[in-house]
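S.K.: Quick check, what structure comes out for this input:
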Amino acid sequence: MTNDIGAPSAHAVPHTELTSPTRHFTMRFSSTPRGVRLARRLAGQRLDAWGVPYGSPAFDEVTLVVAELCANAVRHGRVPGRDFRLWLGADAVTVRVEVTDTGAEGTPEPASPGDDGEGGRGLLIVAGLAATWGWRERSDGPPGKTVWAEYSLRAGDRSASGGDRMRLNP
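M.R.: Numbering: from 1, shown residues only. Model (predicted):
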């Protein structure tokens, strides 16, 4: 994968991909609500196996980020007959979530705080939980994009959401 970010956005930040994740997981899922649920469940199982236990604040927050990014891929990046891809990577202090879709829809932008619509708050949730997040155009062929978020497990890098971060098992 390339480190290039797509077109500039007010919410696209420098790409800080983990240089050497000690653990990683990737899988393609159907672009359906069922695919989103399965992605969240499998991500949760993987996090628990990596030492981020079920029910911990870190577990809950990372699985919420996974669910929001996957739901956005299905809602805004869905192309009939095409899947989305979830990639998780982790080292001792960071979990990175990447979700790649095949839609040609524009840049991902969070809703404005004053928006009264029913949707559009998923990226606000991601921004509130993740240490950093952004997006880049898909570089491996078909149109699409990858939206990513990094979650810090260090207590000193806490987001405004609260809760103690967990360290991954080596």
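S.K.: The residue nearest the centre of the chain in helix, strand or coil?
M.R.: Among the residues of the chain, the one closest to the centroid is Val97, at 3.8 Å (C-alpha atoms, centre = their mean). When classified by DSSP: H, G, I helix; E, B strand; the rest coil, Val97 comes out as strand.
S.K.: Who are the contact partners of it?
M.R.: Remark: with contacts taken as C-beta atoms under 8 Å, 6 or more residues apart in numbering, Val97 is in contact with 43, 62, 65-66, 69, 86-88, 148-151. Where C-beta positions appear, they are placed from N, C-alpha and C, glycine not excepted.
S.K.: now, which of those lie within helices?
M.R.: 43, 62, 65-66, 69 (DSSP state H).
S.K.: And the helices in the protein?
M.R.: With DSSP H as the criterion, the chain has helices at 33-49, 57-76, 122-129.
S.K.: Lowest average pLDDT across these?
M.R.: Summarising mean pLDDT across those, the least confident stretch is helix 122-129, with a mean of 91.
S.K.: which secondary structure elements does that helix contact?
M.R.: helix 57-76, strand 132-137, strand 145-152 (3 or more C-beta pairs under 8 Å, 6 or more residues apart in numbering; DSSP states H and E).
S.K.: which of the ones you listed sits most buried?
M.R.: Relative to the other members of the helices and strands packed on helix 122-129, strand 145-152 carries the highest mean neighbour count by mean count of other C-beta atoms under 10 Å, namely a mean of 24.
S.K.: can you dump the C-alpha coordinates of that one into CSV?
M.R.: In CSV, the C-alpha atoms belonging to strand 145-152 read as follows (Å, rounded to 0.1, in the frame of the first residue of the first chain):
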residue,chain,number,x,y,z
LYS,A,145,-10.7,4.6,-0.9
THR,A,146,-9.2,3.4,2.4
VAL,A,147,-10.3,5.1,5.6
TRP,A,148,-8.0,4.5,8.5
ALA,A,149,-7.8,5.3,12.2
GLU,A,150,-5.1,4.7,14.7
TYR,A,151,-5.9,4.1,18.4
SER,A,152,-3.3,4.6,21.0
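S.K.: how close does Val62 get to Pro142?
M.R.: Counting by C-beta to C-beta, to the nearest Å, the gap from Val62 to Pro142 is 28 Å.
S.K.: Actually, Ala130.
M.R.: Remark: distance between Ala130 and Pro142 (C-beta to C-beta) = 26 Å.
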